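Sequence first, then the predicted structure, then my questions.
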Amino acid sequence: MDDRDRLRELRAAVATRNGESLIALLQDPWPDHALQLIGDGLLDALGRDVAGAREPASVCVTALRERDWEGDEDLASALDARLGAGATPLLRPLPVDLEQLSGVLEGDPVAGGGGRIDLQNGEVWPGSAIEYAIEVGDEDEDEDDRERWLWVANEGSRAGYRDMERFTASIEDPDITDRLERALDRRGAFRRFRNQLTEWPELQSRWYAYSAERQRGRARAWLASGGYTPTPAAPPETPAPTRP
């Protein structure tokens, strides 16, 4: 199984809160650029006392602190607290999807970037969804209630551009590096960069994993700066079978 397949299975295990499957997958080599994802899954597994979660959680803490990307220390501290190896961070739990939040934080401002989070249930509202609610008359009357909403300003694409620069600098092949650097040095850098990567599918998969990991960490750090920590949403209830 290659990194792409391992990452796909890890995502599924974390999304479905299948701690046993996650622990089994972590017996194999961990894919590159997945510590934030793995750490979230292990946080949930530790909270539910899933057997075998403590050892990989300790490994994840060490790896996060050695890497030290934005958001890594926040996640390492949360894992340490669950392991009983550190103080519990004074952050309020919020069941927010970090991938959705990163889209609101770093999405295209022209296409409705920015938005808000419902503090009652962690639902992320992109700017476009808010505009639509206003248009159809479904906007809540308490839209300015700070106890209900956490507003998210769009931070633009600067961090995403730096991700492309760092990723390009990590590539050992000088010809590929040169072509990607030229793609970044012109107007429409994001589109040109993505189009250029289609020539190297393995490298393209690495980039998407790298970018998602960076964005997830930044979203976590942004939440922490506002006094919140992400928690997994409750799994959907399975409807009871109906009798014929």
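Perfect, I can see it now.

who's in contact with Val104?
Val104 sits next to Gly113, Gly114, Gly115, Val124, Pro126, Gly127, Val152, Asn154 when contact means C-beta atoms under 8 Å, 6 or more residues apart in numbering. From N, CA and C alone the C-beta is placed, and that goes for glycine too.

Of these - the most surrounded one?
Gly115 (25 neighbours; other C-beta atoms under 10 Å).

Spatially nearest residue to Ile38 (excluding sequence neighbours)?
Excluding the flanking residues, the one nearest Ile38 by C-beta to C-beta, 6 or more residues apart in numbering is Cys60, at 5.8 Å.

Scan the helices and strands of this structure for the one with the lowest mean pLDDT.
Every helix and strand of the chain was ranked by mean pLDDT, DSSP states H and E. The lowest is helix 127-135, at a mean of 77.

After that one, which helix or strand is next? Please name it.
strand 149-152 (DSSP states H and E).

Quick one: the helices in this structure, in order.
3-15, 19-25, 35-47, 54-67, 72-83, 98-106, 127-135, 158-169, 174-184, 189-197, 201-225 (DSSP state H).

which one of the contacts of Val104 sits closest to Leu26?
Nearest to Leu26 among the contacts of Val104, counting by C-beta to C-beta, is Val124 at 28.0 Å.

At the geometric centre of the chain, which residue sits there?
Arg216 (2.7 Å; C-alpha atoms, centre = their mean).

Surely it and Gln36 touch.
Yes. Using C-beta atoms under 8 Å, Arg216 is in contact with Gln36, at 4.3 Å.

so what sits against both of the two?
In contact with both Arg216 and Gln36: Gly71, Leu98, using C-beta under 8 Å, 6+ apart.

measure the residue nearest to Ile38 to Glu147 for me?
According to C-beta to C-beta, to the nearest Å, Cys60 and Glu147 sit 34 Å apart.

Mind checking which of the two has more residues around it?
Taking other C-beta under 10 Å, Cys60 and Glu147 do not tie; Cys60 has more neighbours (25 against 8).

returning to what we had before: ok now do the residue nearest to the centre of the chain, which residues does it touch?
Applying C-beta under 8 Å, 6+ apart, we find Arg216 in contact with Gln36, Leu37, Gly71, Leu98, Glu99, Ser102.

Would you reformat these as TSV and include pLDDT?
Output for the contacts of Arg216, formatted as TSV (pLDDT from 0 to 100):
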residue	pLDDT
Gln36	97
Leu37	97
Gly71	97
Leu98	95
Glu99	93
Ser102	94
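
Produce a ChimeraX select command limited to the buried residues of those.
Restricted to buried positions by 16 or more other C-beta atoms under 10 Å, the ChimeraX selection for the contacts of Arg216 reads:
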select :36,37,71,98,102
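
Going by distance to Val14, which of the contacts of Arg216 wins?
Closest approach to Val14 among these (C-beta to C-beta): Leu37, at 5.9 Å.

show me the contacts for that closest one.
Leu7, Leu10, Arg11, Val14, Ala212, Glu213, Arg216.

Just grab the bridge partners of the closest residue to Leu91 other than its chain neighbours for me.
Ranked by C-beta to C-beta, 6+ apart and with sequence neighbours excluded, the top spatial neighbour of Leu91 is Thr229, at 4.0 Å. For Thr229, the beta-bridge partners are Pro93 (DSSP bridges).
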